[in-house]
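S.K.: next one to model:
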Amino acid sequence: MNITMVDAVSGPRRLAEIRRRWMHDNSELRKARMTIQELVDEKGRLERKLLAGGVRESRFVLEKYKTEEDKKRVTTNLAEERVIWARGIAEKERILSRAKVVQEELER
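M.R.: All right, here's what the predicted structure looks like:
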């Protein structure tokens, strides 16, 4: 009879302990799911931030290349203008030198 009584008392205690552990485990599972969802959300936020940073970087690189191209174009135009300017000065000096020769001939 002692065995039956022990079973009658320990059975409900055991069931209560199992239920308490199940509730605790269920609570821990919910916490773990919430943590996982927070991590997934954070990962998505970081990926969007990284993508936005990549877009900004690619815009910067594009702007850098555009600026370099503009610099090359301006440098080329400046060099061409200097060549034209130098030719103009050379032409003026040639005309001036020819005028001096003509003037000297006229003075003789």
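S.K.: what average pLDDT does the helix or strand encompassing A52 get?
M.R.: Per DSSP states H and E: A52 is located in helix 2-107. Across helix 2-107, the average pLDDT comes to 86.
S.K.: distance between it and the chain's centre?
M.R.: 0 Å (Cα atoms, centre = their mean, to the nearest Å).
S.K.: do stretch 98-108 as well
M.R.: Stretch 98-108 sits 71 Å away from the centroid of its parent chain (Cα atoms, centre = their mean).
S.K.: what's the local residue count around A52?
M.R.: Counted with other Cβ atoms under 10 Å, the neighbours of A52 add up to 10. (C-beta placed from N, C-alpha, C; glycine too.)
S.K.: distance of it from G44?
M.R.: According to Cβ to Cβ, to the nearest Å, A52 and G44 sit 13 Å apart.
S.K.: and the helix holding A52, what does it pack onto?
M.R.: Contact here means 3 or more Cβ pairs under 8 Å, 6 or more residues apart in numbering; DSSP states H and E; on that basis helix 2-107 packs against no helix or strand.
S.K.: done for today, thanks.
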